[in-house]
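**Q** Make a model of this:
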Amino acid sequence: MGSLKRNSLWLPRLAFGLVALLIAGSANAQSTEEQVQTILREATALKDQGRWADSITALNRAIELDPKSALPYIDRSVAHRALGQWDQALADAEKAVELAPTLAKAYSNRGTTFRRRGDLDRALRDADRAIELDPNDPLGWDHRAATHNSLGAYDKAVSDATKAIELNPRMAPAYESRALALNELRQPERALADASKAIELQPTYMLAHIQRATANRYLSRFEDALTDANRAIQLAPQFAYAYLERARVYVGLNRFKNTIADASKAIELDPKMSDAYSVRAVIYNDLGENDRAIADATKAIELDPKQALAYGVRARSLRRLGQLERAVADATRSIELNSSDSNVYETRGVAYLQLREYEKALSDINRTMELDPANVGAILNRGAAYLGLYREREAEADFQTALSRGMNPRQVEGLKEAVKRMRPAK
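**A** Purely as a prediction, here's the structure:
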């Protein structure tokens, strides 16, 4: 009887102890989750200050506390990406997807990593998956817009960015994505509005300052463009593309030494930036430094064989050096890649003049004038092509028009005499 009484007293104590343990376990679990959330907020604050390495250190603690939570891996992937640590960024992105295979944000993050590494097919697949998992998450739509931008599908980028903005009208990156696409579509007024909205929402958003600089540059508002390019560099002094954009602005301001300095800085920061070599080649060409122009254009083409500008610049320098067949070949390739650059048609047309291929010269110079009706030099060159074809009346009409628009009379007469000497006898 005494034994039974002791057991009956012990059972309630056991039950009470189990309840206490359960309560304590629940409190500890909640405490861990709260600690992780606190660290995530701390890491975000560090990220906003550009302190990416410190952000990674904080996130390491979060992962130690809860190694099965996908969110710290996603945030650490973002930080590794910002530091150019691509292998670590992808490893964390893959881990997040493994831990949370139905979390849209995990796919958006991994897709962004693929995109930044140049793996655009996988980036697009992840963006599609993110949208499939959560069509109401603006992040997935914005990631796909950015991927479409990288693929050159700018109309699709505008559509996806617009959807992201509909879902979250205060999402600055979506406005920046749409601004980029609109700039590429040569709709700078709309791009300017979107970039300005992104900056209003997030004043330190460096990429938005670059897009606003680009839009102002297209609108020939070069001083405004310079202000934004300077701000972008202030915000991200190690970001090569900011220097490239400022180099392009300096071209519009005819500050060629500054252009070369900024293009060189962009190359120093990112030796594989083909556009920077092309921009520097343009200035070397304009300064008559043909060998340097050819070297930079050749490097740009090695890095990106679809660099239309580089082929066009190299064609101009080769023509000046008398390498006419090579100039024609480069100009032809440039036109294949971009048929809207009047300068390249003019380069090839003049090369054909020098090669005495007057019909081909006439065709290219006519195309030059269609694209750039104000080009007085093209009128003069068309006169030379007509003269080479013995179409004397049309030639004289063009020569007189060129003179009336300020062309040097000695230059006109010199060209006439040169063509008469070179053209084949009737």
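
**Q** so where is this protein shaky, pLDDT-wise?
**A** Within the chain, the ranges that satisfy pLDDT under 70 run 1-30.

**Q** Domains in it, by residue range?
**A** In terms of domains, the chain is parsed into 56-135, 356-426 (source: automatic domain parsing).

**Q** Redo those domains as CSV? Include distance to S31 and mean neighbour count.
**A** Any C-beta I mention is one placed from the backbone N, CA and C, and that applies to glycine too. Shown next, in CSV, are the domains of the chain (distance: least, C-beta to C-beta, whole Å; neighbours: other C-beta atoms under 10 Å):
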stretch, distance to S31, mean neighbour count
domain 56-135, 10, 19
domain 356-426, 69, 16
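
**Q** Of all those, which one is nearest A295?
**A** domain 56-135 (25.3 Å; C-beta to C-beta).

**Q** Centre of the chain to the closest one, how far?
**A** 22 Å (C-alpha atoms, centre = their mean, to the nearest Å).

**Q** ok, back up a step: to A229, which of the domains of the chain lies closest?
**A** That would be domain 56-135 among these, by C-beta to C-beta, at 20.6 Å.

**Q** Pull the distance from whichever strand or helix holds N285 to the chain's centre.
**A** Using DSSP states H and E, N285 sits within helix 274-286. Relative to the centre of its chain, helix 274-286 is centred 17 Å away, using C-alpha atoms, centre = their mean.

**Q** Make JSON lines out of the domains of the chain and add distance to R41.
**A** Output for the domains of the chain, formatted as JSON lines (distance: least, C-beta to C-beta, whole Å):
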{"stretch": "domain 56-135", "distance to R41": "10"}
{"stretch": "domain 356-426", "distance to R41": "55"}
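
**Q** quick one, which of those domains is nearest to Y345?
**A** The nearest among these, by C-beta to C-beta, is domain 356-426 at 4.4 Å.

**Q** Contacts for the helix or strand E268 falls within, please.
**A** Counting by DSSP H and E, the element that carries E268 is helix 256-269. Identification of contacts with helix 256-269 by C-beta atoms under 8 Å, 6 or more residues apart in numbering yields 238-241, 243-244, 246-248, 250-251, 273, 276-277, 279-280, 283-284, 286-287.

**Q** Pull out the buried positions in whatever helix or strand Y241 lives in.
**A** Element membership for Y241 (DSSP H and E) is helix 240-252. By 16 or more other C-beta atoms under 10 Å, the buried positions in helix 240-252 come out as 240-252.

**Q** Need those residues in JSON lines (columns: distance to A106).
**A** As requested, these are exported to JSON lines (distance: C-beta to C-beta, whole Å):
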{"residue": "A240", "distance to A106": "29"}
{"residue": "Y241", "distance to A106": "27"}
{"residue": "A242", "distance to A106": "30"}
{"residue": "Y243", "distance to A106": "34"}
{"residue": "L244", "distance to A106": "32"}
{"residue": "E245", "distance to A106": "32"}
{"residue": "R246", "distance to A106": "36"}
{"residue": "A247", "distance to A106": "38"}
{"residue": "R248", "distance to A106": "37"}
{"residue": "V249", "distance to A106": "39"}
{"residue": "Y250", "distance to A106": "42"}
{"residue": "V251", "distance to A106": "42"}
{"residue": "G252", "distance to A106": "43"}
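
**Q** I figured L226 was touching R246, is that so?
**A** Yes. Assessed by C-beta atoms under 8 Å, L226 is found in contact with R246 at 7.0 Å.

**Q** who touches both of those two?
**A** Contacts common to L226 and R246, judged by C-beta under 8 Å, 6+ apart, are A213.

**Q** okay, stretch 54-67 in CSV with CA atoms only?
**A** Taking C-alpha atoms only, stretch 54-67 is exported to CSV below (Å, rounded to 0.1, in the frame of the first residue of the first chain):
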residue,chain,number,x,y,z
ASP,A,54,31.0,41.6,-41.9
SER,A,55,27.6,40.6,-43.2
ILE,A,56,29.1,37.1,-44.0
THR,A,57,30.6,36.8,-40.5
ALA,A,58,27.2,37.5,-39.0
LEU,A,59,25.4,35.0,-41.3
ASN,A,60,28.0,32.4,-40.4
ARG,A,61,26.6,32.7,-36.8
ALA,A,62,23.0,32.3,-38.0
ILE,A,63,24.0,29.1,-39.9
GLU,A,64,25.7,27.7,-36.9
LEU,A,65,22.6,28.3,-34.8
ASP,A,66,20.2,26.8,-37.4
PRO,A,67,22.0,24.9,-40.2
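
**Q** which other residues reach that stretch?
**A** So stretch 54-67 is in contact with 32-33, 35-36, 39-40, 42-44, 46-47, 69, 72-73, 75-76, 79-80, 83, going by C-beta under 8 Å, 6+ apart.

**Q** what's near enough to touch R246?
**A** Applying C-beta under 8 Å, 6+ apart, the residues near R246 are A213, L226, A229, N230, A232, I233, N258, D262.

**Q** what about the fifth one, neighbour count?
**A** Translated: A232. A total of 25 residues lie near A232 under the criterion other C-beta atoms under 10 Å.

**Q** That one against F239, yeah?
**A** Yes. Counting by C-beta under 8 Å, A232 sits close enough to F239 to count as a contact (7.2 Å).

**Q** before we move on, which element is the closest residue in space to Y154 that isn't next to it in sequence in?
**A** Excluding its sequence neighbours, the residue lying closest to Y154 (C-beta to C-beta, 6 or more residues apart in numbering) is A181, at 4.2 Å. A181 belongs to helix 172-184 when assigned by DSSP H and E.

**Q** any idea which helix or strand comes after that helix?
**A** helix 188-201.

**Q** Residues in contact with that following helix: which ones?
**A** By C-beta under 8 Å, 6+ apart, helix 188-201 touches 170-173, 175-176, 178-180, 182-183, 205, 208-209, 211-212, 214-216, 218-219.

**Q** Give the buried residues for it.
**A** P188, R190, A191, L192, A193, D194, A195, S196, K197, A198, I199, L201.

**Q** from these, which is closest to L415?
**A** P188 (37.6 Å).

**Q** quick one, strands of the stretch 101-250 of the chain?
**A** In order along the chain, the stretch 101-250 of the chain carries no strands (DSSP state E, counting those that start in this stretch).

**Q** which other helices and strands contact the helix holding A181?
**A** helix 138-151, helix 154-167, helix 188-201, helix 206-218 (3 or more C-beta pairs under 8 Å, 6 or more residues apart in numbering; DSSP states H and E).

**Q** ok, back up a step: hmm, which two among the contacts of R246 are most spread apart?
**A** Spatial extent of the contacts of R246 (C-beta to C-beta) is set by the pair A232 and N258 at 15.4 Å.

**Q** Can you give the distance from stretch 183-199 to the centre of its chain?
**A** With C-alpha atoms, centre = their mean, you get 14 Å for stretch 183-199.
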